[in-house]
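Novice: Turn this into a model:
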Amino acid sequence: MYLFFYGPNDFLIFRQVQKIKERYKEKAGGDLNLTTVDGEGMTLDEYIAQTQAVPLLFSSRLIIINNIFKNKDKKLLEYVKDNLEHISSSTVIVFAQIGEVDKRLGLYKSLLKGKNSKYFPLFEKGEVKKFITSEIKDRGGDTESGVVELMSEYIGSDLWRLSTEIDKLIAYSKGKKITVDDVKVQIRQVAEGNIFSLIDSMAKGQKGDAILELESLLKMNEPALKILAMINYQFRIVSQVKEAQKQSSNNYAIAKITSLSPFQVEKVSAPARKYSWGDLAQVYSKILKIDVLVKTGKMSGDAALKDLVLGLKS
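Specialist: Residues are numbered from 1 along each chain as shown. You can find the predicted model right below:
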């Protein structure tokens, strides 16, 4: 028997695999017959040895094979494909693959034929909020109005960090409802959200709003060069989305084309339409110039960033 979990949502894939491991160890009384293998570095001989081994002191074996599609050995992938239906009845193999898979590969097509294959996509904003609500409830917590919205704004779609922060907030609240103030105290706001708003304001020519967003970032004690690097990174995303918009107007389709998350695409889709390629060329030129001025001490970081915001997209 085999299971196939794949997709870009590494948090949910990891959780699904962990659940299977825990259930197996509970039934088997331990992990003697449980093996985890790095699929990228696995050899054909290792795969054969693992799948043909006889379970000890229990009726079955569980093998977790991570990221087999990163393996460059075509003979291995072909062998795995050809022998999926010959896996011993005493062996369960879980193929866990982080990221998208080349759909032309024979092994991918064969794994999909099984009844136990599941795709784990990245969450969009609405799904992130449902995740936060569900996780807090499952962990015995409760919230006042506004907490879920604020957490999604502060952290975005990073499920790993959300999971950690939820545990912190539940511990901090000590059995009481988690409040908006708890979130503000316990969670350091992620600057990325402000960068999205900053770029959107710049694209709309709303320089006053853009300056306010910039000042908010500076109040978070983010170094000027780090803010500049984040602005540069987000403009690269704007450029990617703008190029992909030639092929589709659907944000989910654009996410697939660019390998960005739907959340990222949603945030920059409007600026991507607003900015012309000439505007973007001006942005990159200005960023490069400011980077040099700040690093050579010819201009303070705060002043350079304000010059960047005020000097673009009138």
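Novice: Tell me which other helices or strands the longest strand anywhere in the chain touches.
Specialist: As assigned by DSSP state E, the longest strand anywhere in the chain is strand 91-98. For strand 91-98, the elements it packs on are strand 2-7, helix 10-28, strand 61-66, judged by 3 or more C-beta pairs under 8 Å, 6 or more residues apart in numbering; DSSP states H and E. Glycine gets a C-beta too; all of them are placed from N, C-alpha and C.
Novice: CSV for the ones you listed, including mean neighbour count and distance to Asp209?
Specialist: Formatted as CSV, these follow (neighbours: other C-beta atoms under 10 Å; distance: least, C-beta to C-beta, whole Å):
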stretch, mean neighbour count, distance to Asp209
strand 2-7, 20, 36
helix 10-28, 15, 33
strand 61-66, 21, 45
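Novice: Switch the ones you listed over to TSV; also include distance to Lys176.
Specialist: Formatted as TSV, those follow (distance: least, C-beta to C-beta, whole Å):
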stretch	distance to Lys176
strand 2-7	37
helix 10-28	27
strand 61-66	39
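Novice: could you dump these to a markdown table with distance to Glu40 and mean pLDDT?
Specialist: Shown next, in a markdown table, are these (distance: least, C-beta to C-beta, whole Å; pLDDT from 0 to 100):
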| stretch | distance to Glu40 | mean pLDDT |
| --- | --- | --- |
| strand 2-7 | 14 | 95 |
| helix 10-28 | 15 | 93 |
| strand 61-66 | 8 | 95 |
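Novice: Can you say which of these is nearest to Leu260?
Specialist: Among these, the nearest to Leu260 by C-beta to C-beta is strand 2-7 (14.4 Å).
Novice: which other residues reach the closest one?
Specialist: 13, 16-17, 20, 84, 87, 92-101, 111-112, 114, 116-122 (C-beta atoms under 8 Å, 6 or more residues apart in numbering).
Novice: now do 6 Å
Specialist: For strand 2-7, the surrounding residues in contact (C-beta atoms under 6 Å, 6 or more residues apart in numbering) are 13, 16, 87, 93-97, 101, 111, 116-121.
Novice: low pLDDT regions in this structure?
Specialist: 188-193, 220-222, 262-263, 312-314 (pLDDT under 70).
Novice: list the buried ones in the longest helix seen in it?
Specialist: Secondary structure of the chain read by DSSP state H shows that its longest helix is helix 224-244. Buried residues in helix 224-244, counted by 16 or more other C-beta atoms under 10 Å: 224, 227-228, 230-231, 234-235, 237-242, 244.
Novice: Check the burial of Ser285 by counting its neighbours.
Specialist: By other C-beta atoms under 10 Å, 10 other residues sit near Ser285.
Novice: check which helix or strand covers it.
Specialist: Per DSSP states H and E, Ser285 falls inside helix 277-295.
Novice: I would like the residues contacting that helix, please.
Specialist: Asn232, Phe235, Ser239, Met299, Gly301, Ala304, Leu308.
Novice: at 7 Å what do you get?
Specialist: Identification of contacts with helix 277-295 by C-beta atoms under 7 Å, 6 or more residues apart in numbering yields 224-225, 228, 231-232, 235, 238-239, 299, 301, 304, 307-308, 311-313.
Novice: Next, the angle from that helix to helix 224-244.
Specialist: 160 degrees (axes from the mean of the first three to the mean of the last three C-alpha atoms, to 10 degrees).
Novice: domains of the chain?
Specialist: Here the domain parsing of the chain from automatic domain parsing is 2-119, 125-186, 191-310.
Novice: now do the same end-to-end measure for the second one.
Specialist: Start-to-end span of domain 125-186 (C-alpha to C-alpha, to the nearest Å) is 22 Å.
Novice: Check the offset of that domain from the chain's centre.
Specialist: On the basis of C-alpha atoms, centre = their mean, to the nearest Å, domain 125-186 sits 18 Å off its chain's mean C-alpha point.
Novice: Could you do the longest one as well?
Specialist: Average the C-alpha atoms of domain 191-310, do the same for its chain, and the two points are 20 Å apart (C-alpha atoms, centre = their mean).
Novice: what's the answer for stretch 22-36, then?
Specialist: Counting by C-alpha atoms, centre = their mean, stretch 22-36 comes out at 29 Å from the chain centroid.
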